[in-house]
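Asker: mind folding the following:
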Amino acid sequence: MMNLKSVSSTTFHGLESAVAEAPAKTRAGAAGSVASSDSLSAELLLVKGKGDPISLPAPIGMRSILESIIGKDDRTRILDTETNPWRRICALRISAPTGVLVGTGWLAGPRTVMTAGHCVHHPQMSGWATSIEVSPARNGAHQPRVLSSTRFSTVDVWVNGNDPDFDIAAIHLDEPVGDELGWFGVSSMPTSALTGFMVNISGYPADRGNGTEQWFNRNRVLRVSDRRVFYDVDTFGGHSGAPVFVYEEEGAEPRVVAIHAYGIGGTPSDFGITANSGVRIIPEVFDQIAAWVEQDTP
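Answerer: Residues are numbered from 1 along each chain as shown. The predicted structure is shown next:
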C-alpha cells in the first residue's frame, strides 16, 4: 500500500491508496456533445480484446536502448482527428524555463487533461513548466481548439524522486472542453486480465510534424509489473503522456489502462523483451485521477 499526495504549485492533497491487485475499478468515459462522424481510422486501426499469441521481439541487448521504434516503424498518421476517440487526445506545447517542449495529453474529464509527470515537472525543465498549450484533435497546422493552462498537478513521489512508476500528472483547464469532445474512461485492471491485451497508443511525436501530427500504433501487452505495463508499440519522444487504451470487447468504450512514458531504455534488461512502457493505472493512480477530475468540477 502506498499513500500518494497530489502536488501542485500551491496545494497539497492527501489521498489514501489501495492495493495494486484490488478488484478492477472503472470510470466511464463520454462521447461528447458535438456530433462526430464515423471514423475510418478507428474502424481500420483500433484493436480490441485479446487476439492470438504473437512472437516476442528480440531481447533488449540486441537493439539500441536509445530507440523507441521497435524494428520496422509501423506508426500510422491519424487524419480524421476530430472524430472519436482521436479528438480526446491533445497535442501539448510545454513552455519551461529551459525552452519549449512537446508532449501528449488526453481528456479524463470536462476540465482535466492527463499526461506524464515529466511533461509538467522535471529537473531538466528546472522544475515546473511555466505554461502548457493544449490542442485537442490537432492535425498539423489545423487546431480546432487551443487552450492554455498554468495549473498543473503531479504526485509527491514524482516531484521528490522522479519515480518512473508514478510519472503521472494532470493539467487543469478553465474551459470544460470535455463536455463537447468527450473524455476517456479509465480502468484499473488486475494483472491476469491485462496481460496479453491488445493496446492502442496515439500521440504527438517530435519526429513527425514536430509534435503537431497525431500518430498511432497498436500491439500486445508483453508484460505487466506491479506498476508498469510493457508493450511492443512504436513510439517516439513527444508521445509521453499518451493514453494506452483498450477495448475490453466489441462495442465497448475505450478505457485507458496506462499512461505512456518510456522508451525501451526504461525496460529492465532481465525481462528479456524489447518494449516501451507506461505507468499502470493501479488503484491508487485510479483514485488520484478521480480526485483531480473532482477537483476540476465546479
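
Asker: just checking, which helix or strand of the chain averages the lowest pLDDT?
Answerer: strand 12-15 (a mean of 32; mean pLDDT, DSSP states H and E).

Asker: the helix or strand that that strand is followed by pairs with which strands, and in what direction?
Answerer: Heading C-terminal from strand 12-15, the first helix or strand you meet, by DSSP states H and E, is strand 25-27. The pairing partners recorded for strand 25-27 under DSSP bridges are strand 185-188 (antiparallel).

Asker: CA atoms only: put the strand it pairs with into CSV for me.
Answerer: The C-alpha trace of strand 185-188 is given here as CSV (Å, rounded to 0.1, in the frame of the first residue of the first chain):
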residue,chain,number,x,y,z
GLY,A,185,-12.8,6.1,-19.4
VAL,A,186,-10.2,4.7,-17.1
SER,A,187,-9.7,1.2,-15.8
SER,A,188,-7.6,-0.4,-13.1
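
Asker: the stretch 51-200 of the chain: helices as residue ranges?
Answerer: For the stretch 51-200 of the chain, helices defined by DSSP state H, counting those that start in this stretch occupy the ranges 156-161, 178-181, 191-194.

Asker: what's the closest of these to Thr235?
Answerer: Smallest distance to Thr235 across those (CB to CB): 18.6 Å, for helix 191-194. (Glycine included, C-beta is placed from N, CA and C.)

Asker: got a list of contacts for that closest one?
Answerer: Glu21, Ala24, Val221, Val224, Val229, Val257, Arg280 (CB atoms under 8 Å, 6 or more residues apart in numbering).

Asker: at 7 Å what do you get?
Answerer: Under the contact criterion CB atoms under 7 Å, 6 or more residues apart in numbering, helix 191-194 has outside partners Glu21, Ala24, Val221, Val224, Val229, Val257.

Asker: pretty sure the fifth one is touching Val246, no?
Answerer: What it means is Val229. No - using CB atoms under 7 Å as the test, Val229 is too far from Val246 to be in contact (10.1 Å).

Asker: what bridges to the nearest residue to Thr104 once chain neighbours are set aside?
Answerer: With sequence-adjacent residues excluded and distances taken as CB to CB, 6 or more residues apart in numbering, Thr104 is closest to Gly203, at 3.5 Å. Per DSSP bridges, residues listed as beta-bridge partners of Gly203: Trp215.

Asker: tell me how many other residues crowd Gly203.
Answerer: Gly203 is flanked by 32 other residues according to other CB atoms under 10 Å.

Asker: ok, it - contacts?
Answerer: Gly203 is in contact with Ile89, Thr104, Gln214, Trp215, Gly238, His239, Ala242, His260, counting by CB under 7 Å, 6+ apart.

Asker: change it to 8 Å
Answerer: Applying CB under 8 Å, 6+ apart, one finds that Gly203 lies in contact with Ile89, Thr104, Gln214, Trp215, Thr235, Gly238, His239, Ser240, Gly241, Ala242, His260.

Asker: how much space between the nearest residue to Val186 once chain neighbours are set aside and Leu79?
Answerer: Nearest residue to Val186, sequence neighbours excluded (CB to CB, 6+ apart): Arg27, at 4.5 Å. The gap separating Arg27 from Leu79 is 29 Å, by CB to CB, to the nearest Å.

Asker: with Asp287 instead?
Answerer: Counting by CB to CB, the separation of Asp287 from Leu79 is 36 Å.

Asker: please apply the same query to Val256.
Answerer: 23 Å.

Asker: the more surrounded of the two?
Answerer: Between Val256 and Leu79, Val256 has the larger neighbour count (other CB under 10 Å), namely 28 against 15.

Asker: now do the phi/psi pair for that one.
Answerer: Dihedral pair for Val256: phi -80, psi 130, per degrees, to the nearest 10.
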